[in-house]
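J.: sequence first, then the predicted structure:
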Amino acid sequence: MKKIVLSLALVGFLWSCSPTQTAAKQNDVAVTIDLINVKDDKVMVTVTPPTFTTETVTYHFPKTVPGTYSEDDYGRFVENVKAFDAKGNALKIAKIDENSYSISNATKLSKITYLVNDTFDTEGGAGFGASEDVFSPAGTNINAGVNFMLNTHGFIGYFKGKEETPYKLTVTHPETLMGVSAMTDADASATSDVFLMPKYASLVEMPIMYSKPDYTTFMVDDMEIIISVYSPTGKYTAEQITPNMENMMKAQKRFLGPINSTKKYAILLYLSDMAAKDAKGFGALEHPTSTTVVMPEMMGLEMLQEQLKDVVSHEFFHIVTPLTIHSNEIQNFDFNNPQMSEHLWMYEGVTEYFANLFQVNQGLIDEKEFFERMAGKIAQSRQMNDNMSFTKMSKNVLNPPYKDQYLNVYQKGALIAMCVDILIRENSNGQKGILNLMQELSKEYGTAKAFKDEELFDKITALTYPAVGEFLKNHVAGETPIPYEQYFAKMGVTEASIEVAGNPFLKGQTQPYITVNPNTKEIMILPDMELNVFMTTLGLKNNDTLLAFNDKNYNLDNIYDLIMASMNWKDGDAISVKIKRDGKEQIVKGKVMMPKEKQDGYQSTDASKKAVREAWLRG
């Protein structure tokens, strides 16, 4: 998963819901999702179960799904759950908890029906605070006749004890909408798709997005990539997105080498219009052969492409870990009583590090930008609890106070991976790095074999050097902060003051230059702030009320839109600002001058370390 950020074996056959079904089909779970007859923004799901020999059975919706590291309780979006026998008579069903239902007379159970609400509509809404919102890329959308984001875990549950049973999913949909997934459609019908999966855990790793057809496909070596885009106003198309994505994914494949064996990969991009009831959690969620991505449509194309490069590359690198290299907790994931692994530093940290390292390795960014990114991660990680054991945080990430530190997996987690990489490069005289370690671990374990949490550090030490084992003991399992300057020095890199791009309305990304009048909702420049170059160049003053930029009005209701719009501005762009000063409105026109900010950073200085540094960054 990345915040700001699809084919497996086919097994089984669909069997009828009629009482004349044959015994040969009794071990399948057949699910139908009806996207045609949507009522009150709810979708009907029908589940035909296998034959049960027990008098009661439990049907679960997931509490947590892989890659999210949060308890989202997808059962709260389900209502009107009913159970029937073969004659259509209702069976007794009782709700056990938010995600679980107990069904009596299970030997007579013929089908279950229920309605599903989507999660996008609840984000930031009444009763759903930020802590309760489902991260959008792991969520669901129901927009009848327009778009359906089917993260299948949001629509389909499982019977306790039948987690390994094959599933057959049928989705009926309007003929005008096309479903894109890494799964293969086994039905040629224009209004229904049929997908066969070997078990529940495989099915929930296969999201599907239905929308008006807008997709591209291309090959990267022997891997097929499919990109599907939903843009509510038609601002962006898959064709616009594809060239940069193709260039990026080819670079990733070159970087990875033989570590990946995926043959098909789907990228499902949902662009939010930022309306009151739409997705607001931007980023992406990984799956073994797909990525779901949610971004705001208002982004400029250049910024959108940059964001996609970072978040999609992160998700794609998850094919290394945890999708290939993982612990027993992930191999045997419990959707309702999840046991978390100690090694988020690897699952998310190594993945995030690779998403940055491959870019400098393949020439997509330069050395200066790579160091700037790492410096930013150091600064952000130090705002978190730098003394907390990373393995302890990871193991307890669903609970306070550890869950509040989760975002550090993208900061300190990546820095841990960087330091391990540096240690391996130093001890091998530049011949090996952390990618070689991941390749060795992939050979040792692979998708079907899990490691034991408590044995991983010893395995890594055996495959690398004692110095790596000591680092993991002291700085990952232990509580000792990492002295990053010492590790950079091993590569001939030293601390330096660097200049980075700023934002017109935020100082250091945290301190605002503006505020809001609570009575009028108007945006105002703070009275006592020393103004930045953007404002002084335009002649703006403290206490000015900012009414409009480039003829678009802004206030508290759409202030986020203003911040997003400003991220697309460039030096020299023409700009007009409608302001109110001393009670009088006026128009200020001029050129954009984006602010620059000084921050601590790093740069190459030691020529004697050039060879090992080059091996680290470009080897």
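T.: Happy to help now that I have it.

J.: tabulate the CA atom coordinates of the helix ranked longest in the chain in PDB.
T.: Across the chain, the longest stretch assigned as helix under DSSP state H is helix 238-256. Provided in PDB are the C-alpha atoms of helix 238-256 (Å, rounded to 0.1, in the frame of the first residue of the first chain):
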ATOM      1  CA  ALA A 238      -5.500   5.900 -20.600                       C
ATOM      2  CA  GLU A 239      -3.700   6.900 -23.800                       C
ATOM      3  CA  GLN A 240      -2.300  10.000 -22.100                       C
ATOM      4  CA  ILE A 241      -1.200   8.000 -19.100                       C
ATOM      5  CA  THR A 242       0.400   5.100 -20.900                       C
ATOM      6  CA  PRO A 243       3.700   6.500 -22.400                       C
ATOM      7  CA  ASN A 244       5.100   7.500 -19.000                       C
ATOM      8  CA  MET A 245       3.800   4.300 -17.300                       C
ATOM      9  CA  GLU A 246       5.400   2.100 -20.100                       C
ATOM     10  CA  ASN A 247       8.700   3.800 -19.700                       C
ATOM     11  CA  MET A 248       8.600   3.400 -16.000                       C
ATOM     12  CA  MET A 249       7.600  -0.200 -15.900                       C
ATOM     13  CA  LYS A 250      10.200  -1.200 -18.500                       C
ATOM     14  CA  ALA A 251      12.800   0.500 -16.200                       C
ATOM     15  CA  GLN A 252      11.400  -1.500 -13.200                       C
ATOM     16  CA  LYS A 253      11.800  -4.700 -15.100                       C
ATOM     17  CA  ARG A 254      15.400  -3.900 -16.100                       C
ATOM     18  CA  PHE A 255      16.100  -3.100 -12.400                       C
ATOM     19  CA  LEU A 256      14.500  -6.200 -11.100                       C
END
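
J.: need the next SSE after that helix, C-terminal direction.
T.: strand 264-272 (DSSP states H and E).

J.: average pLDDT for the helix or strand immediately after that following strand in the chain?
T.: Proceeding N to C from strand 264-272, the next assigned helix or strand is strand 283-287, under DSSP H and E. Averaging pLDDT along strand 283-287 gives 94.

J.: okay, buried residues for the longest helix of the chain please.
T.: 238, 241-242, 244-246, 248-253, 255-256 (16 or more other Cβ atoms under 10 Å). For glycine as for every other residue, the C-beta is placed from the backbone atoms N, C-alpha and C.

J.: dump the residue contacts of H343.
T.: 327, 391, 394, 453, 456 (Cβ atoms under 8 Å, 6 or more residues apart in numbering).

J.: give me the pLDDT for D386.
T.: 97.

J.: how about the nearest residue to it, chain neighbours excluded?
T.: Excluding the flanking residues, the one nearest D386 by Cβ to Cβ, 6 or more residues apart in numbering is P481, at 4.6 Å.

J.: mind checking the SS state of the closest residue in space to P504 that isn't next to it in sequence?
T.: Excluding the flanking residues, the one nearest P504 by Cβ to Cβ, 6+ apart is F534, at 4.1 Å. Per DSSP: H, G, I helix; E, B strand; the rest coil, the secondary structure class of F534 is helix.

J.: same thing with Q305?
T.: helix.

J.: the one 3 residues further on now?
T.: Look at L308: counting by three-state DSSP, its state is helix.

J.: what sits against V229?
T.: Taking Cβ under 8 Å, 6+ apart as the test, what V229 contacts is 214-215, 236-238, 241, 269, 271.

J.: mind redoing it with 10 Å?
T.: 180, 209, 211-212, 214-216, 236-242, 267-271, 293 (Cβ atoms under 10 Å, 6 or more residues apart in numbering).

J.: so when I look at it, I'm seeing a strand, right?
T.: Yes - judged by three-state DSSP, V229 forms part of a strand.

J.: how close does the closest residue to it other than its chain neighbours get to N503?
T.: In space, and not counting its chain neighbours, V229 is closest to A238: 4.3 Å by Cβ to Cβ, 6+ apart. From A238 across to N503, the span is 30 Å (Cβ to Cβ, to the nearest Å).

J.: now H314: which helix or strand?
T.: helix 301-317.

J.: check G376 too.
T.: Going by DSSP H and E, G376 is part of helix 367-381.

J.: give me the contacts around the helix or strand just after that helix.
T.: Scanning forward in sequence from helix 367-381 by DSSP H and E, the next helix or strand is helix 390-395. Helix 390-395 has contacts (Cβ under 10 Å, 6+ apart) with 69, 329, 339-349, 384-385, 389, 401-406, 408-409, 412-413, 416, 453-454, 456-457, 472, 475-479.

J.: quick one, which of those residues are buried?
T.: 69, 329, 340-349, 384-385, 389, 402-403, 405-406, 408-409, 412-413, 416, 453, 456-457, 472, 475-476, 478.

J.: which one of the contacts of H343 is nearest K162?
T.: Nearest to K162 among the contacts of H343, counting by Cβ to Cβ, is S327 at 24.5 Å.

J.: pLDDT wise, what is the closest one at?
T.: 97.

J.: return the residues in contact with the closest residue to it other than its chain neighbours.
T.: Nearest residue to S327 in three dimensions, chain neighbours excluded: S341, at 4.3 Å (Cβ to Cβ, 6+ apart). Going by Cβ under 10 Å, 6+ apart, S341 touches 322, 326-331, 333, 347, 391, 394-395, 397, 450-451, 453, 456.

J.: what about the protein, any weak spots by pLDDT?
T.: 3-26, 124-131, 260-261, 275-276, 509 (pLDDT under 70).

J.: pick out the residue nearest the middle of the protein.
T.: Geometric centre of the chain, nearest residue: A284, 2.5 Å, by Cα atoms, centre = their mean.

J.: and that residue, how far from A355?
T.: For A284 relative to A355 (Cβ to Cβ), the value is 11 Å.

J.: before we move on, what about K111?
T.: From K111 over to A355 the distance is 44 Å, taken as Cβ to Cβ.

J.: so can I have a markdown table of the contacts of H343 showing distance to T494?
T.: Below are the contacts of H343 laid out as a markdown table (distance: Cβ to Cβ, whole Å):
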| residue | distance to T494 |
| --- | --- |
| S327 | 37 |
| T391 | 30 |
| S394 | 32 |
| D453 | 37 |
| L456 | 33 |
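
J.: and which of those residues is nearest to N517?
T.: S394 (44.0 Å).

J.: what about the longest strand in the chain?
T.: In the chain, with assignment by DSSP state E, the single longest strand is strand 29-39.

J.: what pairs with it, parallel or antiparallel?
T.: Strand 29-39 pairs in its sheet with strand 42-48 (antiparallel), strand 167-172 (parallel), by DSSP bridges.

J.: and the shortest one, what's buried?
T.: If I follow you right, that is strand 167-172. For strand 167-172, burial by neighbour count (16+ other Cβ under 10 Å) applies to 167-171.

J.: now for the next helix or strand after that strand, which elements pack on it?
T.: Toward the C-terminus, strand 167-172 is succeeded by strand 178-180 as the next helix or strand (DSSP H and E). Helices and strands touching strand 178-180, as assessed by 3 or more Cβ pairs under 10 Å, 6 or more residues apart in numbering; DSSP states H and E, comprise strand 192-197, strand 208-211, strand 215-220, strand 223-230, strand 264-272.

J.: gap between the closest residue to K552 other than its chain neighbours and Q305?
T.: The spatially closest residue to K552, leaving aside those adjacent along the chain, is A565, at 7.7 Å (Cβ to Cβ, 6+ apart). Per Cβ to Cβ, A565 is found 17 Å from Q305.
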